[in-house]
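# sequence plus the predicted model coming up.
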Amino acid sequence: MKQIQSVTLRSGVTIGKGHPCFVVAEIGNNHQGEFDIAKRMLDEAAAAGVQGVKFQKRDSEALLTRQGRAAPYTGPNSFGPTYGEHRNALELSIDQMARLKEYSESLGLVFFASAWDDPSLAQILELDVELLKISSAELVNVPLVRKYAKADIPVILSTGMSGLDDIDVAMAEIRAFHDNIILLHCNSTYPCPEEHIGLPVMDALRERYGVPVGYSGHEKGIGPSVGAAALGACVVERHFTLDKTLKGTDHQASLEPAELAAMVTMIREVEKAVQVKGKVVFPDEQAAAKKLRKCIVFSRDLPAGHVLTEADLTTRCPRVGISPVHWDEVLGAALNRPVKHEEPAQWDTLRLTQSACAGAASS
C-alpha cells in the first residue's frame with residue numbers, strides 16, 4: 001500500500017506530517033441561510049487563526065424522498081413547517097457560495113465544502129475548489145463517493161458512524177482514482193461525550209490506510225481537540241457559530257469565536273511543545289539550577305588534614321560549590337586546608353581517595 005505523508009493543495013498549503021495542523025472552522029449551516037451571517041463568520045474564523053473554512057451544500061430534492069421533504073418539522077429549531085422547507089431555508093445559493101469562496105481566499109483561507117448529493121457536488125466543482133470533504137453521512141454512499149474520487153481533487157473523508165469495513169470500501173473507491181486523501185477520526189454524536197471520542201483511533205487509521213489522519217471534534221469543550229493535535233492530528237475541524245444560543249441544533253455543539261481562537265492558540269502551543277524529542281537541559285534551566293539547587297557545604301569549622309564524614313557536611317543554596325550528586329565521592333576525602341562553617345566545598349580543597357578521584361575527574 002502506498003504511504004502518503006502529506007497532501008499539498010493547489011494554493012500551496014500542505015496538510016500532513018511535518019506541517020502545522022490545518023485547523024478548520026466548520027461553518028456548516030450555522031449561517032442560518034443568510035449570506036451576511038456567513039460572511040461575518042468568515043471574518044471571525046480568520047481572526048481566530050484557522051486555515052480552512054468548510055461549508056455544506058444540499059439539494060433537498062436530490063437528498064430527500066418526497067415523503068421526507070413533506071415530513072412535518074416543527075419545534076424551536078425549525079426553519080420551516082416541513083423538513084424539506086426547513087432544509088431549503090438553510091441553503092445558500094451557489095452564487096452566494098462563489099462569493100464566499102472569493103472572500104475566503106481574500107482572507108487567506110482555504111474554502112471547501114461537503115456536497116450531500118449529486119447536483120450539489122456538481123455545483124461545488126463548478127466553483128473550482130482545491131479541496132473537497134466527504135461527510136460521515138455520505139461515506140457509505142458508493143456512487144457519490146465515486147463521483148468525488150473522479151473529480152481528482154484532494155479529499156477529506158470523515159469517518160463518523162463508520163466501522164473499518166465501511167471505511168475500507170470508501171478508501172478503495174477513492175484510491176481507484178488518486179491517493180490525495182486525508183482521513184478524519186470522528187464520532188458523529190452531537191455533542192460527543194469525552195469518553196466516546198477515542199483519540200488513539202487516529203493511530204489505527206494511520207497504520208491501516210497509510211494516509212494523513214486528523215480529527216473532527218463534536219465535543220463541547222476544546223481539550224480533546226487540542227489533545228488530538230498533540231497526538232499528531234494533521235487536521236482539527238470544529239463546528240463554528242457566532243452564538244451558541246441561536247436557533248438550530250448544531251450551535252450548542254459548536255465553538256464561538258473566542259473559543260475557536262483559544263483552541264487555535266493552544267494547538268500552536270502544543271505544536272511547539274512536542275518539537276524536542278530528547279531530554280535536554282536548556283541554558284535557562286542551568287541558570288535556575290544555580291539558584292535553586294544546593295551545593296555541599298561544611299557543617300562546622302574543620303582543620304587541614306581532617307578526613308570528612310557525614311557529620312562534617314550538609315547542603316545549602318545557592319549552588320556555588322560541589323553538587324550533592326558527588327556526596328559519596330566527598331565522604332572520606334581529606335582537607336588540604338582549614339575550612340569554615342557553611343563554606344561551600346570545592347574540589348581543590350579536597351584530597352580525594354583513589355576511587356573518588358576517578359569519579360570527580362569524570363564529573
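Everything's here; your move. Residues are numbered from 1 along each chain as shown.

# which non-adjacent residue is nearest the residue nearest to the spatial centre of the chain?
In the chain, the residue lying closest to the centroid (C-alpha atoms, centre = their mean) is A229, at 2.2 Å. Using C-beta to C-beta, 6 or more residues apart in numbering and skipping the chain neighbours, the partner closest in space to A229 is I267 (4.3 Å). Glycine gets a C-beta too; all of them are placed from N, C-alpha and C.

# and the strand or helix carrying the one you found, how far out from the chain's middle?
According to DSSP states H and E, I267 maps onto helix 257-273. Centre-to-centre, helix 257-273 and its host chain are 8 Å apart (C-alpha atoms, centre = their mean, to the nearest Å).

# avg pLDDT for that helix?
Average pLDDT, helix 257-273: 98.

# and the next element down the chain from that helix?
helix 283-292.

# okay, buried residues for that following helix please.
By neighbour count with 16 or more other C-beta atoms under 10 Å, helix 283-292 contains no buried residues.

# mean confidence for that helix?
91.

# what about T309, how many neighbours?
9 (other C-beta atoms under 10 Å).

# I meant R66, not that one.
R66: 9 neighbours (other C-beta under 10 Å).

# likewise G12?
7.

# so which helix or strand takes in it?
Going by DSSP H and E, G12 is not part of any helix or strand.

# checking my notes, V236 in a strand, right?
Yes. If the criterion is DSSP: H, G, I helix; E, B strand; the rest coil, then V236 is within a strand.

# in the sheet, who's paired with it?
V23, Y215 (DSSP bridges).

# quick check, it in contact with V23.
Yes. In this structure, V236 is within contact of V23 by C-beta atoms under 8 Å, at 5.2 Å.

# list residues touching both of the two?
Residues touching both V236 and V23 (C-beta atoms under 8 Å, 6 or more residues apart in numbering) are M263, I267.

# outside of stretch 112-131, which residues touch it?
Contacts of stretch 112-131 (C-beta under 8 Å, 6+ apart): 9-11, 52-59, 62-63, 94, 97-98, 101, 110-111, 132-135, 137-138, 144, 147-148, 151, 153-156.

# and the residue nearest to the centre of the chain, how far is that from D118?
Computed as C-beta to C-beta, to the nearest Å, the A229 to D118 distance reads 35 Å.

# and the closest residue to L260 other than its chain neighbours, how many residues sit next to it?
What sits nearest to L260 in space, not counting adjacent residues and going by C-beta to C-beta, 6+ apart, is A48, at 4.1 Å. Neighbour count of A48, defined by other C-beta under 10 Å: 21.

# quick check: A48 touching M266?
No. A48 lies out of contact with M266 (C-beta under 8 Å); the separation is 11.9 Å.

# list the contacts for A233?
C21, H185, M202, V213, G214, Y215.

# now the residue nearest to A229: how far from P257?
Counting by C-beta to C-beta - I267 and P257 are separated by 16 Å.

# so between those two, which is more surrounded?
I267 (22 against 19).

# least confident secondary structure element in the protein?
helix 354-362 (a mean of 57; mean pLDDT, DSSP states H and E).

# where does pLDDT dip in this protein?
354-363 (pLDDT under 70).

# next one: phi and psi at A25?
Reported as degrees, to the nearest 10, the phi and psi values for A25 are phi -90, psi 110.

# before we move on, back to that, what's the residue nearest to L260 sitting at in phi/psi?
Dihedral angles of A48 (phi, psi; degrees, to the nearest 10) stand at phi -70, psi -20.

# can you check V330 too?
Per degrees, to the nearest 10, the backbone of V330 is at phi -80, psi -40.

# wait, the residue nearest to A229 sits on V24?
No. In this structure, I267 is not within contact of V24 by C-beta under 8 Å, at 11.6 Å.

# which residues are in contact with each of these two?
V236.

# any of the contacts of stretch 112-131 buried? List them.
9, 52-59, 63, 94, 97-98, 101, 110-111, 132-135, 138, 144, 147-148, 151, 153-156.

# so who does the residue nearest to A229 touch?
I267 touches C21, V23, S225, V226, A229, V236, counting by C-beta under 8 Å, 6+ apart.

# one more: L302?
Counted by C-beta under 8 Å, 6+ apart, L302 has contacts L308, D312, L335, P338, V339.

# so H185, which state does it fall into?
Note that with three-state DSSP, the state of H185 is strand.

# OK, contacts around it?
T159, G198, L199, V201, M202, L205, V213, G214, Y215, S216, A228, A233.

# among those residues, name the ones in helices.
The helices, defined by DSSP state H, take in V201, M202, L205, A228 from the contacts of H185.

# mind putting these in CSV, distance to D250 and neighbour count included?
Converted to CSV, these look like this (distance: C-beta to C-beta, whole Å; neighbours: other C-beta atoms under 10 Å):
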residue, distance to D250, neighbour count
V201, 23, 16
M202, 24, 20
L205, 25, 20
A228, 20, 26
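
# quick one: which of the contacts of I267 is most hemmed in?
Most crowded among the contacts of I267, counting by other C-beta under 10 Å, is S225 at 27 neighbours.

# could you say what helices and strands the host helix or strand of it packs with?
Using DSSP H and E, S225 maps to helix 223-230. Helix 223-230 makes packing contacts with strand 213-217, strand 235-239, helix 257-273 when contacts are defined by 3 or more C-beta pairs under 8 Å, 6 or more residues apart in numbering; DSSP states H and E.
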